Every structure is written in C-alpha cells, then in structure tokens.
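>>> make a model of this:
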Amino acid sequence: MGSIPFDHRRAWLTADATSDLSRRGFMVTSLAVGFAAAAQPVMAQAVTTNGEGLIAGEVAVPVAGGVMPAYQAYPATGSGPFPTVIVVQEIFGVHEYIKDVCRRLAKLGYYAVTGELYARQGDVSKLTDIKEIFAKVVSKVPDEQVISDIDSLVDFARSSGKADITRLGITGFCWGGRATWLYAAHNSKVRAAVAWYGMVDPPMWNEKAISVFQLLPKLKVPVLGLYGAKDTSIPVAHVETLKAELAGTSSEIVIYPDVGHAFHADYRPSYDRNAAEDGWHRLQDWFKKFGVA
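Purely as a prediction, here's the structure:
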C-alpha cells in the first residue's frame with residue numbers, strides 16, 4: 001500500500017509541532033493481542049464478532065516520523081469502495097474491543113480502520129493501573145499528534161482502494177470520544193461523527209487542553225454525542241450545557257438517564273445493553289442521515 005507523504009500544511013499543526021512529532025521514536029510497533037491488562041477481568045457478555053465474510057487484520061500506517069500499527073476491516077465481497085469509518089480507541093488503546101467494533105462496522109458494509117494513537121509514547125495494554133496509564137502515556141500524547149495521525153488513517157484508507165472517503169465518518173469511545181470531537185472540528189470533509197462519552201471539559205490528564213465548548217465555533221460536522229447521566233468523570237450538568245449550546249444546529253446530544261461511563265464497552269462491568277444497543281442504532285441512523293452509509 002505504498003508510502004503516503006505527510007502533509008505539512010495540515011491546519012492543526014505548526015511547523016514546530018510537526019518537527020517535534022518527526023523526532024519522536026515509536027515505542028509500539030504492533031497491536032495488543034486480546035484485551036488490555038487494566039480492563040481485566042473480561043466480562044462474560046463481551047461481544048465477539050467473527051471475521052467471516054470480511055478482510056480484517058493488522059496493517060502498518062505511515063504517519064509523521066514513522067509507522068503506526070493499525071487495524072482494518074471491510075467486506076470480502078463486492079469491489080468497493082466502501083463508505084469509511086475511522087474508529088478511535090478508548091483509553092486502553094487498540095485492543096480486542098476496538099478491533100471488534102471495526103469488524104461490526106465492516107459487517108454493516110463499511111471500511112473501518114483504527115490506529116494505535118499512543119504508538120510514540122508507550123504500550124498501555126500491559127499496564128494494570130489506570131492512574132499509571134494516565135501518568136506514563138496518555139498525559140504525554142498531544143492533541144496535535146492525535147489529529148495528525150487520524151489524518152494519516154484517512155490517507156491510508158484512501159490509498160487502500162477499498163475506502164470511499166467522500167463518505168467519511170468517525171466514531172470514538174471515552175478518550176476517543178473526545179478525539180472524535182477534536183477531529184470533527186478539524187476536518188470539515190467528515191460527513192458525520194459519533195462521540196461516545198467523550199470528555200467535554202479539559203481532560204483530567206491535561207487541564208490546559210482545549211474543551212469541546214471551545215471547538216464549537218469551528219464545528220461544521222454534525223456530531224452525535226452519547227452520554228450517561230451517571231458518568232462520574234463527565235459532569236452531566238456540563239453535558240446538559242453542551243446540549244443547550246448545540247440546540248438548533250445539526251449536532252445532537254443524547255443523555256441516557258440511568259447509565260454511567262463506558263456503557264458501550266461490553267467486556268466491562270459498566271456495560272449497559274439497552275443504552276449500548278440504542279446508541280449503536282443511533283450511530284447507524286446518524287451515518288445514513290448525513291450520507292456516510
């Protein structure tokens with residue numbers, strides 16, 4: 001799939017930031033096998049989507065300064081190109097759950113791709129303590145790098161010959177939910193975005209980082225935000241404020257009254273089947289409504 005040139009004109013990167021990204025080494029060169037250590041034990045209700053009828057597996061994506069391990073999935077039948085969804089990892093990186101989400105989307109007829117966006121900073125899959133994950137890795141991942149690497153995932157999808165990036169969507173969970181908001185504000189060519197419980201305030205790992213509220217003036221992409229009213233890490237009052245600010249726009253906020261954080265994560269105790277299935281149906285309808293599907 002050939003080398004893809006990095007575009008130094010990308011709006012979110014200054015020349016200094018791009019140079020800094022290029023100087024960094026890569027600490028992760030392949031994806032985790034199974035589920036992240038900090039997410040153990042895996043609950044019995046964890047969804048497993050088989051690869052029957054799919055082309056699915058690990059790939060290498062050229063990014064600024066090196067190569068990022070990634071995972072793609074798309075239908076084995078039909079010549080494509082298929083509508084494209086970028087899947088953004090949760091706090092635990094690209095482990096089995098995120099790969100499975102890609103396969104679920106591929107079963108629906110999408111080309112789905114996700115990348116290990118912590119590749120330069122470290123492998124969180126083997127860390128057992130969430131505070132250690134924040135301190136050792138997540139706090140060191142700049143937003144500029146995240147945006148740049150998602151750009152590279154889009155470039156990779158384009159080069160595959162299997163992805164129609166004129167029908168581009170993005171979805172992400174937890175840490176990736178916030179990144180979904182960031183990317184929706186960055187790339188106006190995204191047709192629709194679905195952010196699952198992404199932090200609306202500056203995140204706890206970087207209190208100086210931009211908030212979702214600060215992104216709203218430049219937001220041209222319709223975003224569906226899915227949140228739980230009992231999420232102890234995202235104050236529901238702030239989500240209600242965001243909902244009010246988005247009233248009258250193409251974006252929408254849904255707040256599930258009886259669930260907390262990570263309600264879609266079927267391998268964790270936080271999973272809520274009703275909210276997760278409702279959110280998944282809403283995602284499909286959202287992508288259809290705005291021309292991704």
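>>> which residues of the stretch 101-250 of the chain fall in helices?
Secondary structure of the stretch 101-250 of the chain (DSSP state H, counting those that start in this stretch): helices located at 130-136, 143-160, 175-186, 212-215, 236-245.
>>> from those helices, which stretch is densest packed?
Ranked by average neighbour count under the criterion mean count of other C-beta atoms under 10 Å, those are headed by helix 175-186 at a mean of 26. For every residue, glycine as well, the C-beta is placed using N, CA and C.
>>> ok so, going back, any chance of the helices of the stretch 101-250 of the chain in TSV, plus mean pLDDT and distance to residue 277?
As requested, the helices of the stretch 101-250 of the chain are arranged in TSV below (pLDDT from 0 to 100; distance: least, C-beta to C-beta, whole Å):
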stretch	mean pLDDT	distance to residue 277
helix 130-136	95	26
helix 143-160	98	27
helix 175-186	98	18
helix 212-215	98	25
helix 236-245	98	21
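>>> out of these, flag the one nearest residue 266.
Of all the helices of the stretch 101-250 of the chain, helix 175-186 sits nearest to residue 266, with 15.8 Å by C-beta to C-beta.
>>> please name the residues that touch residue 191.
Taking C-beta atoms under 8 Å, 6 or more residues apart in numbering as the definition of contact, the neighbours of residue 191 are 167, 168, 169, 221, 222, 287, 290, 291, 292.
>>> cool, and residue 250?
222, 290.
>>> read off the pLDDT value for it.
The predicted local distance difference test score for residue 250 is 98.
>>> cool, residue 79 as well?
Reported pLDDT at residue 79 in the predicted model: 86.
>>> tell me the secondary structure for it?
Classification of residue 79 by DSSP: H, G, I helix; E, B strand; the rest coil places it in coil.
>>> residue contacts, it?
The neighbourhood of residue 79, defined by C-beta under 8 Å, 6+ apart, contains no residues.
>>> mind checking how far it is from residue 113?
When C-beta to C-beta, to the nearest Å is the yardstick, residue 79 and residue 113 sit 18 Å from each other.
>>> over to residue 256: give its phi and psi.
Note on residue 256: backbone dihedrals following degrees, to the nearest 10 are phi -80, psi 120.
>>> show me what contacts it?
When contacts are counted by C-beta under 8 Å, 6+ apart, residue 256 is found next to 226, 227, 228, 229, 263, 272, 275, 278, 279.
>>> nearest to residue 75 among those?
Each of the contacts of residue 256 was checked against residue 75 using C-beta to C-beta; the closest is residue 279, at 23.1 Å.
>>> I'd say residue 172 and residue 88 touch.
Yes. Between residue 172 and residue 88 there is a contact under C-beta atoms under 8 Å: 2.9 Å.
>>> how about the strands in this structure?
Assigned by DSSP state E, the strands in the chain fall at 54-63, 66-75, 82-88, 111-115, 163-173, 192-196, 223-228, 252-256.
>>> list the buried residues of the second one.
By 16 or more other C-beta atoms under 10 Å, the buried positions in strand 66-75 come out as 66, 68, 69, 70, 71, 72, 73, 74, 75.
>>> to residue 101, which of the strands of the chain lies closest?
Shortest distance between residue 101 and the strands of the chain, using C-beta to C-beta, is found for strand 82-88: 5.5 Å.
>>> show me what the closest one is packed against.
Helices and strands touching strand 82-88, as assessed by 3 or more C-beta pairs under 8 Å, 6 or more residues apart in numbering; DSSP states H and E, comprise helix 96-107, strand 111-115, helix 143-160, strand 163-173, helix 175-186.
>>> got the contact list for residue 105?
With contacts defined as C-beta under 8 Å, 6+ apart, residue 105 is in contact with 73, 85, 87, 112.
>>> which residues touch the last one?
Right, the one you point to is residue 112. Residue 112 sits in contact with 72, 73, 74, 84, 85, 86, 87, 101, 102, 103, 105, 106, where contact means C-beta under 8 Å, 6+ apart.
>>> run the last query once more with 7 Å
Contact criterion C-beta atoms under 7 Å, 6 or more residues apart in numbering gives 72, 73, 74, 85, 87, 102, 105, 106 as the residues in contact with residue 112.
>>> show me which pair in those is furthest apart.
74 and 87 (12.4 Å).
>>> before we move on, back to that, residues shared between the contacts of residue 172 and residue 88?
179, 180.
>>> report the buried residues of stretch 253-267.
Counting neighbours by 16+ other C-beta under 10 Å, one finds that the buried residues in stretch 253-267 are 253, 255, 256, 259, 260, 261, 262, 263, 264, 265, 266, 267.
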